[in-house]
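Trainee: Kindly return the folded structure for what I paste below:
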Amino acid sequence: MSATRGKGFWAFLLALLVLATACTPSGEAPSTGTSARVQGDGSIPENESISLDDSEHAAIANLDPTLLAAARKAAADARLRGVELKVTSGWRSAAYQQRLLDEAIARYRSEKEALRWVHPPDKSKHVTGEAIDIGPTAAADWLIQHGADYGLCQAYANEMWHFELLTSPGGECPQPISNAIG
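Mentor: I've put the predicted structure just below:
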């Protein structure tokens with residue numbers, strides 16, 4: 001290989017390396033916003049949960065930073081009392097939220113009934129990263145009792161697992177509304 005041709009080859013490899021490191025694992029260019037989003041739709045398999053420390057999962061990484069910090073603080077305090085808070089749902093893409101709504105409409109055979117449980121993407125706090133679902137039941141119950149200490153409140157009476165920042169830490173949570181449509 002000639003010296004000139006060899007330099008071109010190495011320059012080409014270097015360019016490929018720079019391009020490869022500038023892309024996310026999905027091959028898409030990273031976000032240019034102030035906080036890069038983790039790729040994925042945020043789905044967590046049914047009957048499974050993940051840790052609040054799983055920052056590689058889109059459902060956790062794309063949560064509102066204030067909500068995530070409050071939930072992590074609550075989880076650390078709950079752990080000291082023998083309760084493990086797990087995330088059954090966090091941030092969701094709009095497409096995933098729409099899929100959940102479509103599935104609920106099929107399950108309940110009524111859009112009105114489905115909307116008691118699942119918001120459309122444009123109304124969902126999961127899509128904006130401002131809601132988190134906590135399990136198992138004992139963990140959700142612990143958070144209902146102690147969540148106000150962290151600003152976390154149960155938003156809907158029919159969803160004991162769904163929490164949002166609805167008060168300042170140490171404040172009083174508002175009464176949960178009856179369901180997603182009020």
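Trainee: longest strand in the chain, by residue count?
Mentor: Ordering each strand of the chain by length in residues (DSSP state E) puts strand 159-165 first.
Trainee: Now do the buried residues in that strand.
Mentor: 159, 160, 161, 162, 163, 164, 165 (16 or more other C-beta atoms under 10 Å). Using the backbone N, CA and C atoms, a C-beta is placed for each residue, glycine as well.
Trainee: same deal with stretch 162-180?
Mentor: Neighbour-count burial for stretch 162-180, counted by 16+ other C-beta under 10 Å, picks out 162, 163, 164, 165, 166, 167, 173, 176, 180.
Trainee: same deal with stretch 47-56?
Mentor: Buried, per 16+ other C-beta under 10 Å, within stretch 47-56: 49, 50, 52, 54.
Trainee: repeat for stretch 98-112
Mentor: In stretch 98-112, counting by 16+ other C-beta under 10 Å, buried: 98, 99, 100, 101, 104, 105.
Trainee: sorry, back to before: closest to residue 143 out of the buried residues of stretch 47-56?
Mentor: Closest approach to residue 143 among the buried residues of stretch 47-56 (C-beta to C-beta): residue 52, at 11.7 Å.
Trainee: Let me see the confidence value for the closest one.
Mentor: In this model, residue 52 is scored at 97, pLDDT.
Trainee: For it, what are phi and psi?
Mentor: Dihedral pair for residue 52: phi -70, psi -20, per degrees, to the nearest 10.
Trainee: so where do the helices sit in this protein?
Mentor: In the chain, the helices defined using DSSP state H lie at 3-21, 58-61, 65-80, 94-108, 111-114, 137-146.
Trainee: Show me how far stretch 50-70 is from its chain's centre.
Mentor: Its chain's C-alpha centre and that of stretch 50-70 lie 6 Å apart, by C-alpha atoms, centre = their mean, to the nearest Å.
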